[in-house]
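In: let's see this in three dimensions:
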Amino acid sequence: MQHLYLARGIVTLFTALALSLPLHADQSRDQAMRDALEAARNQEWSRVDAAAIDDHLLAGYVEYHRLRSRLPQAEPSQILDFMERHADSPLAEWMRGQAQTRYGQAGRFGSLLAVSDGVPSGAERQCYYYTALLGSDPATAAEGGRELWMVGHSQPSACDTLFDRLRDSGEISAEDVWARKMLAWQNGESGLMSYLGRLLGSDWDNARDAVERLRGDYAAVTRVPAQVGPGGRGSSAMFAAAMHGFTRADTEAALEAWRKIASHINIDSDARHDIEHDLAFYSMVRDVRQNLAWVDEALPRLVSGSLYELRVRNALARRDWQDALQWLERMPEDTFSDSRWQYWLARSHERLGNSDAARAAYQRAAQGRSFFAFAAADRIDQPYELNMERASFNDDYREEVANWPVVQRTEALMRIGEQGLANSEWYAAVARASNQEAHALADYAQRKGWYAKLVQTTITGQMWDALEWRFPQAFHDDFQHWGRLTGVDPYLLMGIARRESAYNTEALSPAGARGLMQIMPGTATQLSRQLGISDPGPYGVLDPALNIRLGSTYIRDMTERYSGNRLAAAAAYNAGPGRVDRWLRDAPQEFDLFVESIPFRETRDYVQAVLAYRVIFESLANGGDSRGVAMLTPAERNVRYDASLLARN
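Out: Next up, the predicted model:
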């Protein structure tokens with residue numbers, strides 16, 4: 001028996017050695033590729049071991065840098081050949097973009113057009129592209145050049161030749177120069193304003209004088225000439241820019257001035273629409289009561305779904321259910337059909353005693369998959385509609401997918417630490433894939449545990465009903481563990497993490513929040529001190545388990561602050577408890593009105609998303625069955641959302 005065990009051990013040893021040899025070779029080749037790519041980026045070609053990477057599936061990345069370094073001398077045929085060989089990789093379009101830029105800088109416009117396939121992205125490349133077209137397609141060049149011109153900020157120096165040529169030919173007129181000067185005024189670009197002013201002749205003096213007067217006093221809009229510039233051609237842009245600033249500075253006074261001048265100034269319909277849209281928007285956002293009668297008169301001609309939404313929210317804030325019903329029924333159809341507004345239609349009918357109409361609207365609202373769709377389902381006591389899509393693939397097809405070149409390149413890029421390039425490969429593949437191929441890539445990402453990549457795959461591939469992929473069970477054990485220890489609903493934690501970072505463990509917000517649950521470094525320091533653990537610092541906080549622990553502790557504190565109310569706690573997680581305290585002191589008393597009254601759109605959307613996500617996570621944990629799942633507790637549905645909700649009142 002002892003010899004048998006020894007024999008088995010020897011066989012196991014040799015098997016392990018045999019298996020390790022190719023792995024060691026692969027690791028060596030990957031290391032050679034890692035070194036070669038670093039050298040190529042630095043153009044240290046003597047460090048590139050060409051023989052070691054010759055047949056590596058990532059060799060194209062080194063070739064990309066080599067060919068790029070030869071621009072603009074490299075010929076278009078070389079660029080096109082590279083693009084053809086790497087057509088299934090983002091390398092192709094990256095090379096096209098690099099060639100367009102370098103050819104443009106060198107004035108090789110024929111070469112630029114040879115490698116182009118339509119209008120490129122980015123202002124610099126577009127300017128080079130349209131400059132190249134000046135000789136062969138002047139109409140297209142002029143149209144594209146005017147579009148690039150008509151912005152309120154400086155454009156790259158690459159645009160100078162194009163703009164000069166178009167101005168010389170009259171394709172960019174003095175009126176266009178004036179219009180851009182007015183856009184620069186709106187953007188606060190005084191330097192650009194001065195430059196553009198110098199391009200105008202003395203026939204624009206009265207327009208310049210009017211603007212200088214308005215820059216010192218917006219109220220002078222009622223006293224400046226009704227027509228400025230030659231033939232009054234500067235009036236539309238000037239009045240649009242002046243009212244843009246006036247409306248933001250003093251909405252009530254701006255409307256008063258507009259009512260005085262609107263009928264006797266000759267401006268184009270687009271400028272008039274923009275002025276009145278701004279006035280309506282700021283009148284409602286700032287609740288300028290004196291303006292609301294005018295807003296009601298203006299809304300039908302402005303035909304804006306976003307303005308109708310504001311008008312309904314204005315009525316709900318006053319609990320004027322008849323007014324809300326009136327404006328709901330006048331909404332554009334593409335806005336009105338949303339579950340949110342069907343819910344409020346139902347609530348309005350309900351409060352006005354129209355029970356049959358209310359139930360019908362609740363039933364329509366409940367067909368969706370959102371906060372208000374779930375709230376509607378609760379109102380009529382029916383399970384939530386998840387409308388899930390399920391996809392499955394057999395083993396043979398999955399093996400085929402694993403051998404797709406893009407999958408192999410993604411895996412290889414991840415092995416050598418090039419996560420950004422790996423993501424670019426993957427998402428580019430999803431974007432150009434067929435529906436089945438995109439689903440197969442999502443299936444692969446799920447099986448590999450690439451949670452952040454999986455979520456983004458569903459977004460890029462627009463797989464809105466693939467809930468098991470959109471809401472994967474990422475870091476499930478950590479959420480359950482810390483939810484249990486902190487007494488926080490683990491599905492709420494999952495919903496927060498999904499909304500905050502979409503499972504990107506290294507997510508960094510512009511404000512500095514980090515990790516899965518987007519913890520600010522200062523908050524991490526405070527929470528660590530509270531927990532009696534070491535301060536993790538800005539990088540330690542990225543550890544998923546620690547990040548979840550800290551986020552769970554913070555949401556627990558917020559939940560306790562608001563008497564166990566997860567809805568208010570979620571709002572505080574996003575906007576801060578100080579703001580939520582103020583909102584509760586001024587809030588309507590019912591949960592739905594509280595959510596709709598949150599003044600920050602980001603927080604309003606955030607709260608709805610987090611609570612809806614928690615429903616989805618719990619339903620998925622039940623095998624996709626929403627029966628028995630509740631978005632809110634009875635207390636959260638029925639409590640008064642006012643200052644009494646504060647535990648430390």
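In: can you give me the neighbour number for the nearest residue to residue 590 once chain neighbours are set aside?
Out: Leaving aside its sequence neighbours, residue 590 sits nearest to residue 641 (CB to CB, 6 or more residues apart in numbering; 6.7 Å). Bear in mind the C-beta positions are built from the backbone N, C-alpha and C, glycine included. Counted with other CB atoms under 10 Å, residues neighbouring residue 641 total 23.
In: residues in contact with residue 641?
Out: For residue 641, the contacting residues are 568, 584, 587-591, 593-594, by CB atoms under 8 Å, 6 or more residues apart in numbering.
In: so which of those residues is the most crowded?
Out: residue 568 (28 neighbours).
In: hmm, that residue is touching residue 575, no?
Out: No - checked against CB atoms under 8 Å, the pair residue 568 and residue 575 is beyond contact range at 10.6 Å.
In: just to revisit the earlier point, of the contacts of residue 641, which belong to helices?
Out: In helices, defined here by DSSP state H, the members of the contacts of residue 641 are 568, 584, 591, 593-594.
In: for the residues you listed, which one is nearest residue 301?
Out: residue 593 (29.6 Å; CB to CB).
In: hmm, residue 313 and the closest one touching each other?
Out: No - counting by CB under 8 Å, residue 313 is not a contact partner of residue 593; they are 9.9 Å apart.
In: and the gap between the most centrally placed residue in the chain and residue 595?
Out: By CA atoms, centre = their mean, the chain has its centre lying nearest to residue 459, at 10.9 Å. Distance of residue 459 to residue 595, computed by CB to CB, to the nearest Å: 24 Å.
In: likewise for residue 435?
Out: 35 Å.
In: show me where pLDDT drops low in this structure?
Out: Low-confidence segments of the chain (pLDDT under 70): 1-25, 648-649.
In: could you redo the last one with a cut-off of 80?
Out: Applying pLDDT under 80 to the chain flags the ranges 1-26, 587, 647-649.
In: about what we covered before: nearest to residue 264, of the ones in helices among the contacts of residue 641?
Out: Distance to residue 264, by CB to CB, is smallest for residue 593 among the ones in helices among the contacts of residue 641, at 43.0 Å.
In: and the residue nearest to the closest one when sequence neighbours are not counted, what helix or strand is that in?
Out: Distances taken as CB to CB, 6+ apart put residue 316 closest to residue 593, at 6.2 Å, once the chain neighbours are dropped. Per DSSP states H and E: residue 316 is located in helix 305-317.
In: against which helices or strands is that helix packed?
Out: When contacts are defined as 3 or more CB pairs under 8 Å, 6 or more residues apart in numbering; DSSP states H and E, helix 305-317 packs onto helix 269-285, helix 292-302, helix 321-329, helix 333-336, helix 339-351, helix 591-597.
In: so which bits of the third one are buried?
Out: Buried positions in helix 321-329, judged by neighbour count with 16 or more other CB atoms under 10 Å: 321, 323-325, 327-328.
In: and if you look at the fourth one?
Out: Neighbour counts using 16+ other CB under 10 Å place 335-336 of helix 333-336 among the buried residues.
In: check the second one too.
Out: Of the residues in helix 292-302, those buried by neighbour count under the rule 16+ other CB under 10 Å are 294-295, 298-299, 302.
In: now do that helix: which elements does it pack against?
Out: Going by 3+ CB pairs under 8 Å, 6+ apart, helix 292-302 lies up against helix 269-285, helix 305-317.
In: could you dump these to JSON lines with mean neighbour count?
Out: Formatted as JSON lines, the helices and strands packed on helix 292-302 follow (neighbours: other CB atoms under 10 Å):
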{"stretch": "helix 269-285", "mean neighbour count": "18"}
{"stretch": "helix 305-317", "mean neighbour count": "20"}
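In: will you turn the ones you listed into JSON lines that also has distance to residue 561?
Out: Listed next are the helices and strands packed on helix 292-302 as JSON lines, based on distance: least, CB to CB, whole Å:
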{"stretch": "helix 269-285", "distance to residue 561": "28"}
{"stretch": "helix 305-317", "distance to residue 561": "25"}
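In: between the ones you listed, which one is nearest to residue 361?
Out: Per CB to CB, nearest to residue 361 of these: helix 305-317, 13.6 Å.
In: C-alpha coordinates for that closest one, CSV please?
Out: Backbone C-alpha positions of helix 305-317 (Å, rounded to 0.1, in the frame of the first residue of the first chain) are rendered in CSV as follows:
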residue,chain,number,x,y,z
GLY,A,305,-42.0,67.1,-21.5
SER,A,306,-39.5,68.3,-18.9
LEU,A,307,-41.4,71.5,-18.3
TYR,A,308,-44.7,69.6,-17.9
GLU,A,309,-42.9,67.3,-15.4
LEU,A,310,-41.9,70.4,-13.4
ARG,A,311,-45.4,71.8,-13.6
VAL,A,312,-46.9,68.6,-12.2
ARG,A,313,-44.3,68.5,-9.4
ASN,A,314,-45.3,72.1,-8.7
ALA,A,315,-48.9,71.1,-8.3
LEU,A,316,-48.0,68.0,-6.2
ALA,A,317,-45.9,70.2,-3.8
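In: appreciated, that's everything.
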